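quick one, fold the following:
(chains A, B and C)
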Amino acid sequence: MPGIKLRFDRYKLLEIFAPVAGFLASIVVLLIIVIVVGESPGEALVAIYKFSLSSSAKVATILSVSIPLFFAGIAVAFAFQSGVFNIGAEGQYYFGGLIGAMAGIYLHLPAFIHIPVVILFSMAGGALWALIPAILKVTKNVHEVITTIMFNSIALALVNYLVNGPLSGLGQGKSLEPQTAKIQSTALFGKLNGFFRMLGWNVPDYVYLDYSLIVAVITGFIVWFVLFRMRHGFEIRAIGISLDVSRYSGMKVKQLQLSAFVISGALSGLIGLQEIFAIRGYYTYGIASGLGFDGIAIALIGKNSPLGVVFASLLFAFLKQAGYGLQFYTSVPNSVIYVITGLMILFIVVINEIVAAYIRTLRKKEAV
Amino acid sequence: MSETLLEMRKITKRFPGVLANDRISFDLLRGEVHALVGENGAGKTTLMKILYGLYSPDSGSISIKGGKLSIKNPKEAINSGIGMVHQHFMLIPPFTVLENIIIGEETQKFGILNEEKPAEKIRGLMEKNGLIVDINTKVEDIPVGIQQRVEILKILYRGAEILVFDEPTAVLTPQEAEELFKTFRQLTAQGKGIIFISHKLDEVLEIADRITVIRKGQVVKTLDGNEASKSLIAELMVGKPVLLEVKRPDVSPGRVILEVRNLDLKDYRKIAVLNDVSFTVHSGEVYGIAGVEGNGQTELISVIAEAAPIEHGDILLDGESVVNWDVRKRRDAGISHIPEDRHKYGLLLPFTLAENLTLGMHHKKPFVNSFQIINRKKIQEHARRVISIFDIRTPSELTPALALSGGNQQKVIVARELSAEPKLLLAAQPTRGVDIGATEFIHNQLMEAKKEGRAILLVSADLDEVMSLSDRIGVMYKGKIIKEFTREETTKEEIGFYMMGEKEHARN
Amino acid sequence: MDLSFILFFFVKGLEISSPIAFAALGAVFSERSGVVNIALEGIMIVTTFTIVWAAIALHSIWLGVLFAIVAGSLVALIHAVVSVTFRVDQIVSGVAINIFAVGLSRFLSQKVFGQETQTPTNAYLFPQFLGINSMAFLLIPIALIGWFVLYRTVFGLRLRTVGENPEAADTLGLNVYGLRYAGVIISGALCGLSAATLFPSQWISGMTAGRGYIALAAMIFGRWDPVGAVLASLLFGYADTFRIMFETKIPIPGQFVQMFPYVLAVVVLAGMVGKARAPAADGKPYEKGED
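Numbering: from 1, shown residues only, chains lettered A, B, ... in the order given. Just a heads-up that it's a prediction; the model follows:
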């Protein structure tokens, strides 16, 4: 029946309305802030453009920046699908990255094994760091929001201690920043820039389009397949809708919550791959922070779907670059991007509610 | 002719897709009980919500004691002398009775609560109306029947003259209902007017001075209490003659399917909620549990279907103990369950009908293959088949469940549970909140299942339903099955006495 | 160990507990009205910046705290609008506000003081009493007032009603949204007092260090009760005081000592299982009217 098909498309359209409108609204706010600060909005837009889309190098940079953001988003989104609120991606990737880096430093393996091994160790580390909050949630019903936030702080202190203490590799590098020993060359991620140039995309050498991009693509596909084509994913989405219905229909909801939480942690472990294995080649507790929180925003904007997360992480990478552009060319500080991010989430969720209410009304009209 | 307390004129209220109230006119006299009856969705609740200021009508007028007014919110309704006892009590369990009564109508000085004066006033009301409650107890510690008194006191405390009772007897024994009707008579004798909403036509006939029947948002007729009959009201409600009796197929019971032995269970306060419960259900047999709600029925279903842990005893399905099995294993072994709270347990609303119709079987072949990959084609085929057998009205099997009407959502649950071809079907309040048409459908499906040799355990607060469907009936009181009858050897009245635990006391 | 040292330990502990305790008290009011307020952390970030900014700009710490209370209430108001009026998931709203608050404080610090991560020092401070910030002594009367308001006033009874059963409150003619707004805004205002007791001599990005979240843990441990929440906050505060005063004497690495309050929060929550009941409608948006 073509009529029905058409109606469903309308709902789909309505569902992407919120992210788009929320994004536009926050850009408007950004321009208002620019005006309040005394800059010209036109110049601000030019500054943003120059830093984000003005050349293939800039566009490639956005893609590069989006890689860890994608992992952060997909990790949080996976937990969200099951109704688990994993605010601990931050701590999970500090710890996961450290475990991965250890495998990169202390294991001696040929490259084609070493690289998968460091990826798996990173995931294992992230999963491990999610395990205690996950167990506390399913066995003692302790809300994960507070425990994961506490575990972020604990992770930060722990890796700080380890990098300064037992695992310190200072003296090997030129920098005085506390850091581990160098990761072996067999575990380092090579770049794909040459490959892209072969395809006719002129990506300069200083941009990191490395193996972590491949990992991201594969991860995204697997996550999609598990969530939407496998029984386990079906059950994970079911508990996210209603624990009661799921329990009643025979699903083992505690095991499912635990597994979704731990898988989310494992995915979080991937956030640091690019920074550790492609960019730095060692681990330091100063690896980019705040990505776990970006992940929450990305998951929300991407509506927890893998494809949505792809778009949202590109959008976020764009925003980050926009912030640098503003800071570089105008007197608007980079931190304005966090203001905008927070507001964007608020806009999107509020518009979402309004749209959802509208859809309910539409559906009621059509209910048979 | 006594004074008209309330007059609602040509009330119209439209919701997206439905005309909920279509020029409804309704009035209430001083000293009368005016019953409002109609199927679910007929528009009773909407009309009362308009009266109570929760909805605003699209058109029409409301007058109280001759004065026209518009009621914009509950506060104005309360101030106009309207009080409502809702079907689901509007009480705060951890608060005391006194606190519950005074909220919103507190006595205060500089914002500081005074409890002395209200307590005095409440005591006066309790004596005048024979509604005795300990006002310093927490509401969570008192039984449901008494909680209803608190609700009545609450509206009397606010000086209500127009009292609306929305299905007040649903949670009461027949004897408690009698008590409530005594209270009704006391209140009307004081010149108050009562609007009584009920599904139980016997009660309506017993207490109502006038009866207004509404159907599809319109008033069909207002009858005088003594000119009405049960079949006439039912016919007016449905719009066609109704068969109030269910045809019970003659099936001779087969082997024992469910055996419950000496079940014990205590709640978190260490109070026994199941106390040495034993019974059996045979194939091709309906075993009905009668009892006032809250006497262990919910817990009984949850230990059998939801694998809630028990303290002592055994549950056997086809001779095999299931107590250590989880829900999945029990379902796989042939237990199906139409849950009591279908909003909470029934459907994954954003998921498609196809997904919802396989829920609980979704982990088995052919719906998944050996690698646990979902076979969407098989799920959709199954859904299409079930949709046509059970006549579920939907644009397609890929429609999300939330897009279906309430009645069709109910059908989806019944269809799913029966399509699993269970050995044992647990039906908990299967027709609660369902209109007469759907009730008929569900009853027929249960009888069909009986014919196919399934064992059915029916729990219902509706004694008529238990009486008309069951082959054997167990009466539950305080977590115990205090008496078991065959259908033929008992009467409604007798069961009513057991439901109150009366006979038990007499014996002891 | 002499007597004056012990006395100092006690008053210092009070000072260190106060920022958490005021926020925890705020959390009680918000959650008793049915709104989970994880935005406390963000609100504290804003109030700690505001108090320093206003004190420096207006040469008065008293005006500083006034502005901090107003700023806290305003940020809380955002949370109320989003989660009460628009019924957005309260945790999502809180997380977004926390991100927003980090950006806002840094942005303002950069624009006002030319430095993104810290302000200059503020010389306008509260008077000292017994060697600590005298504002900390406000905690005890305010906790008692909080208890009185919640259990002995009309407002408190109504606030608790909407947290337990907003539908019933609605049928009784109470203003559910208004009461929830009040609960949330009180929590924001109390975060202004958190700022007054948390090192108001300088703002440094990150100085709240998760105290807003710890306050939530304290509130849960205190069983959603004003006095309980303050006592639980004192537990965290004194544990931290002990850490600070004896850090150098303890033979374990500093980072492990730093973890202590966070580990304590997790342990305390894990030990709370089944011992307390949240308000029945806590965290659940309420949709009134025509459905």
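
the stretch 51-200 of chain C: helices as residue ranges?
Along the stretch 51-200 of chain C, the segments classed as helices by DSSP state H, counting those that start in this stretch run C:61-80, C:90-113, C:139-152, C:154-164, C:166-171, C:176-197.

cool, and the stretch 251-368 of chain A?
A:253-268, A:273, A:291-301, A:306-329, A:336-366.

list the contacts of the closest residue to residue C:128 other than its chain neighbours.
Once flanking residues are discounted, residue C:128 sits nearest to residue C:134: 6.4 Å by C-beta to C-beta, 6 or more residues apart in numbering or on different chains. C-beta here means a position set from N, CA and C on the backbone, and glycine is covered the same way. By C-beta atoms under 8 Å, 6 or more residues apart in numbering or on different chains, the contact set of residue C:134 is C:126, C:127, C:128.

quick one: residue C:134 from residue C:61, how far?
Applying C-beta to C-beta, to the nearest Å, one obtains 11 Å for the distance of residue C:134 from residue C:61.

how close does the residue lying closest to residue B:177 once chain neighbours are set aside get to residue C:167?
Excluding its sequence neighbours, the residue lying closest to residue B:177 (C-beta to C-beta, 6+ apart) is residue B:169, at 4.3 Å. Distance of residue B:169 to residue C:167, computed by C-beta to C-beta: 22 Å.

who has more neighbours, those two?
Ranked by neighbour count (other C-beta atoms under 10 Å in any protein chain shown), residue B:169 and residue C:167 place residue B:169 first, with 21 against 16.

confirm the more buried one sits in a helix?
Yes: under DSSP: H, G, I helix; E, B strand; the rest coil, residue B:169 sits within a helix.

confidence score at it?
Residue B:169 carries a pLDDT value of 85.

can you check residue A:174 too?
54.

go on, residue C:240?
pLDDT for residue C:240: 86.

just checking, what packs against the strand or helix carrying it?
Assigned by DSSP states H and E, residue C:240 belongs to helix C:226-246. In this structure, helix C:226-246 makes packing contacts with helix C:3-32, helix C:139-152, helix C:211-221, helix C:254-270, judged by 3 or more C-beta pairs under 8 Å, 6 or more residues apart in numbering or on different chains; DSSP states H and E.

pLDDT weak spots in chain C?
C:1, C:273-275, C:289-291 (pLDDT under 70).

with respect to burial, which of the helices and strands packed on helix C:226-246 scores highest?
helix C:211-221 (a mean of 29; mean count of other C-beta atoms under 10 Å in any protein chain shown).

measure residue B:326 to residue A:249 for me?
12 Å.

which of these two has more residues huddled nearby?
Between residue B:326 and residue A:249, counted using other C-beta under 10 Å, residue A:249 has the larger neighbour count: 26 against 15.

what sits against the more buried one?
A:238, B:327, B:331, B:359, B:360, B:362.

just to revisit the earlier point, now the residue nearest to residue C:128: how far from residue C:9?
Residue C:134 sits 18 Å away from residue C:9, going by C-beta to C-beta.

show me the contact partners of stretch A:351-368.
A:7, A:11, A:14-15, A:17-18, A:21-22, A:25, B:15-18, B:393-395, B:402-405, B:408, C:86-88.

picking that back up, quick one: the residue nearest to residue C:128 from chain A, how far?
Residue C:134 sits 30 Å away from chain A, going by C-beta to the nearest C-beta, to the nearest Å.

repeat for residue B:445
Distance from residue B:445 to chain A, by C-beta to the nearest C-beta: 19 Å.

was I right about that residue contacting residue B:419?
No: using C-beta atoms under 8 Å, residue B:445 makes no contact with residue B:419, being 10.7 Å away.

just to revisit the earlier point, dump the helices of the stretch 251-368 of chain A to a markdown table, plus mean pLDDT.
Output for the helices of the stretch 251-368 of chain A, formatted as a markdown table (pLDDT from 0 to 100):
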| stretch | mean pLDDT |
| --- | --- |
| helix A:253-268 | 97 |
| helix A:273 | 96 |
| helix A:291-301 | 89 |
| helix A:306-329 | 93 |
| helix A:336-366 | 86 |
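
just name the most buried of those.
Scoring the helices of the stretch 251-368 of chain A by mean neighbour count under mean count of other C-beta under 10 Å gives helix A:273 as the most buried, with a mean of 29.

wait, what's in contact with residue 264?
Reading this off chain A. Contacts for residue A:264 were tallied using C-beta under 8 Å, 6+ apart; they are A:75, A:76, A:78, A:79, A:84, A:86, A:89, A:92, A:130.

wait, chain C
The neighbours of residue C:264, taking C-beta under 8 Å, 6+ apart as the test, are C:235, C:236, C:239.

burial check on the first one, number of neighbours?
By the measure other C-beta under 10 Å, the count of residues near residue C:235 is 16.

and if you look at the second one?
Burial measure for residue C:236: 25 neighbouring residues, criterion other C-beta under 10 Å.

one step back: state the distance from the residue nearest to residue B:177 to residue A:243.
In terms of C-beta to C-beta, residue B:169 sits 33 Å off from residue A:243.

strands - which of the contacts of residue C:134 land there?
Among the contacts of residue C:134, the residues falling in strands (DSSP state E) are residue C:128.

export the contacts of residue C:134 as CSV, with columns for neighbour count.
Shown next, in CSV, are the contacts of residue C:134 (neighbours: other C-beta atoms under 10 Å in any protein chain shown):
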residue, neighbour count
C:126, 20
C:127, 8
C:128, 9
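
which among the contacts of residue C:134 gets closest to chain A?
residue C:126 (28.3 Å; C-beta to the nearest C-beta).

what sits against that closest one?
C:61, C:133, C:134, C:135, C:196, C:200.

if you set the cut-off to 6 Å instead, what comes out?
C:61, C:133, C:134, C:135 (C-beta atoms under 6 Å, 6 or more residues apart in numbering or on different chains).

okay, now the first one: neighbour count?
So that's residue C:61. Residue C:61 sits with 24 neighbouring residues when counted by other C-beta under 10 Å.

against chain B, how distant is it?
As for residue C:61, its distance to chain B is 31 Å (criterion: C-beta to the nearest C-beta).

rewinding a little: now distance to residue C:286 too, for the helices of the stretch 251-368 of chain A, in a markdown table please.
Output for the helices of the stretch 251-368 of chain A, formatted as a markdown table (distance: least, C-beta to C-beta, whole Å):
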| stretch | distance to residue C:286 |
| --- | --- |
| helix A:253-268 | 26 |
| helix A:273 | 44 |
| helix A:291-301 | 22 |
| helix A:306-329 | 29 |
| helix A:336-366 | 13 |
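
need the phi and psi values for the closest residue to residue B:359 other than its chain neighbours.
Of all residues not flanking residue B:359 in the chain, residue A:249 sits nearest, at 4.5 Å (C-beta to C-beta, 6+ apart). The phi and psi torsions at residue A:249 (degrees, to the nearest 10) take the values phi -90, psi 10.
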